[in-house]
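J.: with the sequence up front, the predicted model follows.
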Amino acid sequence: MNVLFRAQASRQVVVRAALMFVAVIGLAGCDQMMNDRYSLDMRYPPRSDPVFKEATISGEELQYPDRPGQLPILSLANAEDPENPLFKPAKAGMLLAPSKANAEARKNLNESLEKVFGTPARPKVAPDSELAGTLQAELQLDERTLRRGSRLYRIQCLHCHGLSGDGRGPTAFWVNPHPRDYRQGVFKFTSVTLQQSAQKPRREDLLRTLRQGIDGTSMPSFGTMTEDELQAIVSYVIHLSMRGEVEYQVLVELTQNPSLAKPETSVDEWIAGLARYWLDAQKPENEIIPEPYPFALHPETDAEKVAIRDAVRRGATFFADAQVGCVTCHTDYGRNAKFRYDVWGTLTKPADLTTGIYRGGRRPIDLYYRMHSGINGSGMAAFKDAAVKSGKVKSLWDIVKFVEILPYPAMRNEYGIHID
Ligand code: HEC
Ligand code: HEC
C-alpha cells in the first residue's frame, strides 16, 4: 500500500515537473512571439488587385454569391470573362487595373507612400507638413505606438486583414462576409454625424469593434487584450487605412487616365484631405447625440406599456412604407433580401431582422446609430432626417423599438405585429 502510494506520489512529481517545463518553454515561446518583428527589408506591396470603382450592381442581377475560397472580385480576367456567371452584368469601368497606370507615375506613388507611411517594421504617418504633429498627437499616430500596433496586428489580425490591410490575408477567402479591406477608407460601424462620404470612425467605434467583435461574422472579440494594446492596434488600423486610401485614390485617377504621368492631386494633398476627415470624426460635436431614451426600461404601468406599443406600431408603419421605408431593401423583414455589391466589391445583403443578430452591436444605442447614419459602404441607408420628416415616427427610437421586438414571437404577439 505504502509503496504504491510513494510510487504514485513520485509519478505526480515527475508529471508536475514536466508540466512546469512545458509551461516555461511555452511562455518563453510566447514572449519570443511578442517580440517577433517584421524584417526591416519588408515593404508594403504596391497594390496589384483591381480597384473596384462602382457598387452599382444590385442583387436582382446577381444569382451567384461568392463561394468558399473565393473573393467575388478576384481578377480583371474574371471580371472581363463573358463566360463567368459571376460577372455577366459587369459594367465597363467597374474594375480598374493598377497595371494599366503609367509606370513612372506608379513608381513615384510607391516612393511617396513609403516616404510618408514607412514600412511594416517602421510604420509612420509623417506627411511633409505641420499636419504631421497634429495627426501624431490627436490620432495617436506616433511611431512608438504604431510600431507596437504593427506587431500586435501581425500576430492577431494579419491572417484575415492582410499585410497592407487589404482584407486578403490567407483566411480571408474562406470566411463570409470577408474581412474588411481598410484601403477603401470606409468603415461600416460609426457613431459620427458627418455626411456618409466623410464618415470616418471615431477611435471609440474601432475600439468597440475590437472589444465586441462583429456578431454573426468571423471577426472575433479581442476583449481580453489590454486597453493599451487595443489603442495601439487602433492606431495601426488608422495608419493602414490612410495609407491604403491615399494609394486607392491616386490609383483611381492613374488607371482612368493611363497616359497621366503625374496625378492631379498629389499624395500630400490626399493626406491633408483625409486627415481632415479623420480629425473631424473625433470631434465631440460630430458625435451622434440621440434624443433621450423615451421608454421605461421595465414598463409596469399601463401608460408605459401603451407608450411602447404605440412606438412599435409607428416604427412598423415606417418600416412598411413602400416609398421611403425599410422594406424597399429588407424584403420580407430581410428574410428574402437580395445580394448586392458593397463598396469593397464583396457581397452583402440587407440583414434578416428576425434573427436578432446585429453586427454593429445590440445595445439600443448601437441600433440608434445604425438608423441615424446607416452602415457605411454596405448600402444601408441613413434615416437621420428622412424618418421623422415622413411624419410616421416621432423619433428614431420608434424604429429601434420596432426592430428590437421583431425577432421574438411572444413580443410580436404582445404588440400586434404579424410577419407571416
Ligand atoms: C478570423 C478573421 C478575422 C480576424 C482574425 C480579425 N478580423 Fe477584423 N474583421 C473580420 C471580418 C469578417 C470583418 C467584416 C465583417 C463585416 O463586414 O460585417 C472584420 C471587420 C473588421 C473591422 C471593420 C469594422 C467596421 O466598422 O467596418 C475592423 C476595424 C477590424 N475588423 C479590425 C480587426 C483587427 C484590428 C483585428 C486584429 C486585432 C482583426 N480585425 C482580426 C475578420 C477578422
Ligand atoms: C437601401 C437599402 C436599405 C434600406 C432602405 C434599409 N436598410 Fe437596413 N440594411 C441594409 C443592408 C445592405 C444591411 C446589411 C449591411 C451589412 O452589415 O453589410 C442592413 C442592415 C440592417 C440592420 C443590421 C444592423 C447591424 O448592426 O447588423 C438593421 C437593424 C437594419 N438594417 C434595419 C433597417 C431599418 C429599420 C431600416 C428602415 C428604417 C433599414 N434598415 C433600411 C440595407 C438597407
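T.: Nice, I can see it. Numbering: from 1, shown residues only. Ligands and ions are numbered 1, 2, ... in the order given.
J.: tell me the first helix or strand C-terminal of the lowest-mean-pLDDT helix or strand in the chain.
T.: Sorting the helices and strands of the chain by mean pLDDT, DSSP states H and E puts helix 2-34 at the bottom, at a mean of 49. Scanning forward in sequence from helix 2-34 by DSSP states H and E, the next helix or strand is strand 51-52.
J.: each with direction, which strands does that next one pair with?
T.: strand 95-96 (antiparallel) (DSSP bridges).
J.: ok, and the closest non-adjacent residue to Tyr358?
T.: Excluding the flanking residues, the one nearest Tyr358 by CB to CB, 6 or more residues apart in numbering is Asp215, at 6.0 Å. From N, CA and C alone the C-beta is placed, and that goes for glycine too.
J.: what do you get for Arg180?
T.: In space, and not counting its chain neighbours, Arg180 is closest to Gly167: 5.4 Å by CB to CB, 6+ apart.
J.: do you know how far the one you found is from ligand 2?
T.: 14 Å (CB to the nearest ligand atom, to the nearest Å).
J.: where does the prediction get shaky in this protein?
T.: 1-36, 54-65, 72-94 (pLDDT under 70).
J.: break it down into its domains, please.
T.: 51-286, 302-415 (automatic domain parsing).
J.: do the shortest one and ligand 1 meet at all?
T.: Yes: against ligand 1, domain 302-415 shows contacts by CB under 6 Å from any ligand atom at Arg359.
J.: and if you look at the longest one?
T.: Yes: under the criterion of CB under 6 Å from any ligand atom, domain 51-286 makes contact with ligand 1 via 156-157, 160-161, 171, 175, 177, 179-180, 187-189, 201, 206, 209-210, 214, 217-220, 222, 233, 237.
J.: include mean neighbour count when you put the domains of the chain into CSV, please.
T.: CSV is the format used below for the domains of the chain (neighbours: other CB atoms under 10 Å):
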stretch, mean neighbour count
domain 51-286, 18
domain 302-415, 18
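J.: got phi/psi on the residue in the stretch 251-400 of the chain that ligand 1 sits nearest to?
T.: For the stretch 251-400 of the chain and ligand 1, the shortest gap (CB to the nearest ligand atom) falls at Arg359, measuring 4.6 Å. Reported as degrees, to the nearest 10, the phi and psi values for Arg359 are phi -70, psi -40.
J.: from Glu269, how far off is it?
T.: Using CB to CB, to the nearest Å, we find Arg359 at a distance of 34 Å from Glu269.
J.: same question for Gly185.
T.: As judged by CB to CB, Gly185 and Glu269 stand 15 Å apart.
J.: try Ala296
T.: 53 Å.
J.: list the contacts for the nearest residue to Ser218 once chain neighbours are set aside?
T.: Excluding its sequence neighbours, the residue lying closest to Ser218 (CB to CB, 6+ apart) is Val175, at 4.1 Å. By CB atoms under 8 Å, 6 or more residues apart in numbering, Val175 lies in contact with 160, 217-218.
J.: same question, His239
T.: 117, 123-125, 141, 146, 149-150.
J.: redo that, cut-off 7 Å
T.: By CB atoms under 7 Å, 6 or more residues apart in numbering, the contact list for His239 reads 117, 123, 125, 141, 146.
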